[in-house]
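S.K.: Below is the sequence, then the predicted model.
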Amino acid sequence: MKVFTGLTGNTRKNLQLDAGALFKNYNPATDTPETASAKLIGATVGGSTLSIVPEVRQIAVDGVKGPTKGYEAIDSWTVTLTTNIKEVTVDSVKLMLAAAVSTTTNTSTTSPIPAGYTKINLKELEDSDYIDNITWIGRISGSDSPIMIVIRNAVNLNGFSMQAQDKNEGQLPAVFTAHYDVSDLEDVPVDIYIPNQSA
């Protein structure tokens, strides 16, 4: 009996390995994971899920009995990156809150800042709160160069939540959503970089 499989001699070169890492404002043209360590968002748990989903509209025509080739239009794309951040820092909490400001100097008499603390307050969402990009970087088995997926104008709109429990560590769940730029509404806010494989 014949065995049918998609396995080829190149399969072992094309496997995505491990959970990868997340960077904030990574520049794929000039940064490397080693030189951009200061841009790391932090340790994650459970990996990351990237989703790029089109909103497809079937163009309605009388007398057509079902989906018809060439009569679908993509109205928009929704690009999200879902992850769980393990490190609780000022920066990670601000990422979860999307619209927040941090202060370390005592400027309020009603809500003073204890010595050795940073206070985080909520505010209205502004253009400057959108992160230029969040980049997921992972490994491909047959390459020394990483795969990179860059989502642009990203913000976590799911808010801050953290479950604290015995014999476990807290984590900060996030769903970063990419946003179109008003200056170019045709440019889908995601870039995917896959390293070229040698023969």
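M.R.: That came through, no problem.

S.K.: So which residues of this structure form helices?
M.R.: Using DSSP state H, the helices of the chain run over 90-97.

S.K.: any weak-confidence spans in it?
M.R.: Residues of the chain meeting the criterion pLDDT under 70: 106-110, 198-199.

S.K.: partner residues bridging the spatially most central residue of it?
M.R.: For the chain, the residue sitting closest to the mean C-alpha position, by Cα atoms, centre = their mean, is Leu81 at 3.5 Å. When bridges are called by DSSP bridges, Leu81 pairs up with Leu50, Phe176.

S.K.: Ile120 now?
M.R.: With DSSP bridges as the rule, Ile120 is bridged to Ser102.

S.K.: show me the contacts for the nearest residue to Leu15 once chain neighbours are set aside.
M.R.: Of all residues not flanking Leu15 in the chain, Ser141 sits nearest, at 4.1 Å (Cβ to Cβ, 6 or more residues apart in numbering). Where C-beta positions appear, they are placed from N, C-alpha and C, glycine not excepted. Residues near Ser141 by Cβ atoms under 8 Å, 6 or more residues apart in numbering: Arg12, Lys13, Asn14, Leu15, Gln16, Leu17.

S.K.: what would those residues look like in TSV with neighbour count?
M.R.: Formatted as TSV, the contacts of Ser141 follow (neighbours: other Cβ atoms under 10 Å):
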residue	neighbour count
Arg12	10
Lys13	13
Asn14	13
Leu15	10
Gln16	11
Leu17	10
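
S.K.: Which members of the residues you listed define the maximum pairwise distance?
M.R.: Pairwise distances across these peak at 12.3 Å for Arg12 and Gln16 (criterion: Cβ to Cβ).

S.K.: buried residues in stretch 132-144?
M.R.: Asn133, Ile134, Thr135, Trp136, Ile137, Gly138, Arg139, Ile140 (16 or more other Cβ atoms under 10 Å).

S.K.: And those, which is closest to Thr5?
M.R.: Among those, and counting by Cβ to Cβ, the member closest to Thr5 is Ile140, at 20.7 Å.

S.K.: and the residue lying closest to Thr177 once chain neighbours are set aside, how many neighbours does it have?
M.R.: Closest residue in space to Thr177, ignoring its immediate chain neighbours: Thr80 at 5.2 Å, by Cβ to Cβ, 6+ apart. Neighbour count for Thr80, taken as other Cβ atoms under 10 Å: 20.

S.K.: and Thr80, how far is that from Val3?
M.R.: Taking Cβ to Cβ, to the nearest Å as the measure, Thr80 falls 38 Å from Val3.
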